[in-house]
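> sharing a model that was predicted from the sequence below.
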Number of protein chains: 4
Amino acid sequence: MLRFPLVTRYSDYDTKGHVNNAVYLTYFEWARVQAWMSHVVRMSGLTGPDVADPPLIVAEARVKYVSPANIGVPLEIEIAVKEIRTKGFSFGYRILDARDDRLIAEGETVQVAYDYAAGRTMALPPAMRKALEAM
Amino acid sequence: MLRFPLVTRYSDYDTKGHVNNAVYLTYFEWARVQAWMSHVVRMSGLTGPDVADPPLIVAEARVKYVSPANIGVPLEIEIAVKEIRTKGFSFGYRILDARDDRLIAEGETVQVAYDYAAGRTMALPPAMRKALEAM
Amino acid sequence: MLRFPLVTRYSDYDTKGHVNNAVYLTYFEWARVQAWMSHVVRMSGLTGPDVADPPLIVAEARVKYVSPANIGVPLEIEIAVKEIRTKGFSFGYRILDARDDRLIAEGETVQVAYDYAAGRTMALPPAMRKALEAM
Amino acid sequence: MLRFPLVTRYSDYDTKGHVNNAVYLTYFEWARVQAWMSHVVRMSGLTGPDVADPPLIVAEARVKYVSPANIGVPLEIEIAVKEIRTKGFSFGYRILDARDDRLIAEGETVQVAYDYAAGRTMALPPAMRKALEAM
């Protein structure tokens, strides 16, 4: 499990002063990129174009909104591997009030390994699987 | 069920030329607002601040990404009521290639009736329920 | 001069219920794409990759915020060619309340013709110039 | 002058892998909020609602795009007071490649002190002016 402080933007907040519902998927995406760069790439020894452009597609996303994130509240995000399968894996996320760990939202995304050259799904590369198992 | 053409923006597209995964929740939200203004408000006789500011909160959202939406492809969105409960209801969505109805993404959001003054959930107002039943 | 109705999104509005200041550049961009597809491409006989991917870069942008765009106000946008030079041109924009033409914002962007293959600016292609002159 | 590392998001990048032109105004806004919270509020002794909700409106914004910000390039932003007048002031901004200070974009915004209760512009509060002079 990895945990990062979230950098919010004024434009993330809606007319009620809450983070807009769609922005949570942007926060999840940001956490994925952080986890990818700070952990998976380093652990897996991936090099070349796969580093900046992972051979993955997002197949599903789910968010549960637990309590609103008011403007001014410092946020943190947790990302953890939930399940690893032959051709893909899922991440779980929790967005928390950094001051007291109050749960603001939680969710999940499913990623599938994708061979862009061949245009089809593929088995998860072993090095990537190993890095995910250690996350 | 209602169906609307989607107006996309260049900034919706990512480095691969596909609509970014988080933007689909923005499209769902746009369809909800359209359905609200063009159908629910008109059918239910709602007036006053509830028109612009519905007594609803989004409790859950789910997206399944079926095929990528490449830049230049005209999109349409369908929104339908899936289930009505005592205190809330769910909408289902389908995003389609307007030319051949190829399915690009589908999803669901759950809305809960919320009394902002009292700070708690409430039963779905009868007029809103009736309008949703006729959608 | 061309004029289009603007399709706004709930997430365009900030905590005060006004269109966020950065979103105006997104509206300008949307109007440029509309003008490009509905007028310049058609007039200039452009074909091939230049249609979807114009050989242009934005060099400057400017916005003057005249009065706030409150949520619920229907907006329209005007786009007009302001100046044509050897290697570029400028568009002027006005965002208006569709009901009474009250000016909400105005601005300008400067575009420069760019040869992506050669990696340098170039003279404006004559067909593009002609289409811009007729806009 | 203040300088901050910029936290970018994957969705900031367009189909060419460059930061989208409108996002620079979001970066400027983020730097304003940082400068406001980390410097002006602390220096000026401002308290109450003016802290979270400064009595200011953005009247103008300008961006000059100097070189593209490719995905993967670490960015920093500088913000400095350019001019202080009776009823407002301007900030200047520079976005730089954090590795070599290559200039990516520069710009300016003009802010006007605004009395929201009275619905009109007002003189810059003396404490705010003093904090800006020391920035």
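Arrived safely, thanks for sending.
> can you show me the strands along chain A?
With DSSP state E as the criterion, chain A has strands at A:2-5, A:56-65, A:75-84, A:88-97, A:103-115, A:120-121.
> dump these to a markdown table, plus distance to residue A:134 and mean pLDDT.
Where you see a C-beta, it was placed from the backbone N, CA and C, and this is true even at glycine. What follows is these, written out as a markdown table (distance: least, Cβ to Cβ, whole Å; pLDDT from 0 to 100):
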| stretch | distance to residue A:134 | mean pLDDT |
| --- | --- | --- |
| strand A:2-5 | 11 | 97 |
| strand A:56-65 | 18 | 97 |
| strand A:75-84 | 9 | 98 |
| strand A:88-97 | 13 | 98 |
| strand A:103-115 | 17 | 97 |
| strand A:120-121 | 24 | 94 |
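> okay, those in TSV with mean neighbour count and distance to residue D:98 next?
Output for these, formatted as TSV (neighbours: other Cβ atoms under 10 Å in any protein chain shown; distance: least, Cβ to Cβ, whole Å):
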stretch	mean neighbour count	distance to residue D:98
strand A:2-5	14	19
strand A:56-65	20	27
strand A:75-84	17	23
strand A:88-97	20	27
strand A:103-115	19	29
strand A:120-121	12	37
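> and residue A:83, what does it touch?
Contacts for residue A:83 (Cβ atoms under 8 Å, 6 or more residues apart in numbering or on different chains) come out as A:89, A:90.
> so it bridges to which residues?
Using DSSP bridges, the bridge partners assigned to residue A:83 are residue A:90.
> got the residues of chain A near chain B?
Neighbours of chain B within chain A, by Cβ under 8 Å from any Cβ of the partner chain: A:15, A:20-26, A:28-29, A:53, A:57-65.
> could you find the closest non-adjacent residue to the residue positioned nearest the centre of chain A?
With distances taken as Cα atoms, centre = their mean, chain A has residue A:32 as the residue nearest its mean C-alpha position (3.2 Å). Excluding its sequence neighbours, the residue lying closest to residue A:32 (Cβ to Cβ, 6 or more residues apart in numbering or on different chains) is residue A:91, at 6.4 Å.
> close to chain D: what parts of chain A are there?
Near chain D, when you scan chain A using Cβ under 8 Å from any Cβ, you find A:7, A:9, A:10, A:11, A:26, A:29, A:30, A:33, A:52, A:71, A:72.
> from chain C, how far off is the last one?
What it means is residue A:72. 10 Å (Cβ to the nearest Cβ, to the nearest Å).
> which one is that residue nearest to, not counting chain neighbours?
Residue A:72's closest residue in space is residue D:52 (Cβ to Cβ, 6+ apart), at 5.5 Å.
> and what of residue A:23?
residue A:12 (4.7 Å).
> re earlier: of the residues of chain A next to chain D, closest to chain D?
residue A:7 (4.1 Å; Cβ to the nearest Cβ).
> and for that closest one, nearest residue in space, chain neighbours not counted?
residue D:7 (4.1 Å).
> if we can go back for a sec, let's have the residues of chain A next to chain D in TSV, adding neighbour count and pLDDT.
Shown next, in TSV, are the residues of chain A next to chain D (neighbours: other Cβ atoms under 10 Å in any protein chain shown; pLDDT from 0 to 100):
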residue	neighbour count	pLDDT
A:7	16	97
A:9	19	97
A:10	16	96
A:11	22	96
A:26	23	98
A:29	20	97
A:30	21	97
A:33	13	94
A:52	14	73
A:71	17	93
A:72	12	90
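> closest one of these to residue B:3?
Comparing the residues of chain A next to chain D against residue B:3 with Cβ to Cβ picks out residue A:26 as the nearest, at 26.8 Å.
> count the neighbours of the residue nearest to the closest one when sequence neighbours are not counted for me.
Leaving aside its sequence neighbours, residue A:26 sits nearest to residue B:22 (Cβ to Cβ, 6+ apart; 4.5 Å). Using other Cβ atoms under 10 Å in any protein chain shown, residue B:22 is surrounded by 24 other residues.
> if I pick residue B:22, what's in contact with it?
A:22, A:23, A:25, A:26, A:28, A:29, D:11.
> so residue A:129 makes contact with residue A:86?
No. Under the criterion of Cβ atoms under 8 Å, residue A:129 makes no contact with residue A:86, lying 9.4 Å away.
> so between these two, which is more surrounded?
A count of neighbours by other Cβ under 10 Å puts residue A:129 above the other of residue A:129 and residue A:86, at 17 against 11.
> using a markdown table, lay out the strands of chain A together with distance to residue D:41.
Putting the strands of chain A into a markdown table (distance: least, Cβ to Cβ, whole Å) gives the following:
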| stretch | distance to residue D:41 |
| --- | --- |
| strand A:2-5 | 20 |
| strand A:56-65 | 30 |
| strand A:75-84 | 20 |
| strand A:88-97 | 21 |
| strand A:103-115 | 25 |
| strand A:120-121 | 51 |
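> right, and these - which one's nearest residue A:133?
Per Cβ to Cβ, nearest to residue A:133 of those: strand A:75-84, 6.7 Å.
> how distant is that closest one from the center of its chain?
The chain centre lies 7 Å from the centre of strand A:75-84; the measure is Cα atoms, centre = their mean, to the nearest Å.
> now find how far off-centre stretch A:119-127 is within its chain.
19 Å.
> from chain C, how far out is residue A:97?
As defined by Cβ to the nearest Cβ, residue A:97 lies at a distance of 18 Å from chain C.
> scratch that, residue A:59
In terms of Cβ to the nearest Cβ, residue A:59 sits 24 Å off from chain C.
> quick check: residues of chain A near chain C?
A:10, A:11, A:13, A:14, A:15, A:16, A:17, A:20, A:22, A:23, A:71.
> report pLDDT for the spatially closest residue to the fourth one that is not a sequence neighbour.
Beyond its immediate neighbours in the sequence, the residue positioned closest to residue A:14 (Cβ to Cβ, 6+ apart) is residue A:20, lying 4.6 Å away. According to the predicted model, the pLDDT of residue A:20 comes to 97.
> what's the neighbour count on residue A:20?
When neighbours are counted by other Cβ under 10 Å, residue A:20 comes out with 22.
> so it touches residue A:13, yeah?
Yes. Counting by Cβ under 8 Å, residue A:20 does reach residue A:13; the two are 7.0 Å apart.
> longest helix in chain A, please.
helix A:23-35 (DSSP state H).
> give me the angle between that one and strand A:56-65.
Helix A:23-35 runs at 130 degrees relative to strand A:56-65, counting by axes from the mean of the first three to the mean of the last three Cα atoms, to 10 degrees.
> which elements pack onto helix A:23-35?
Counting by 3 or more Cβ pairs under 8 Å, 6 or more residues apart in numbering or on different chains; DSSP states H and E, the packing neighbours recorded for helix A:23-35 are strand A:2-5, strand A:56-65, strand A:75-84, strand A:88-97, strand A:103-115.
> name the residues that touch it?
A:2, A:4, A:6, A:12, A:61, A:63, A:65, A:75, A:77-79, A:91, A:93, A:95, A:105, A:107, A:109, A:135, B:20-22, B:25, B:63, C:11, D:9-11.
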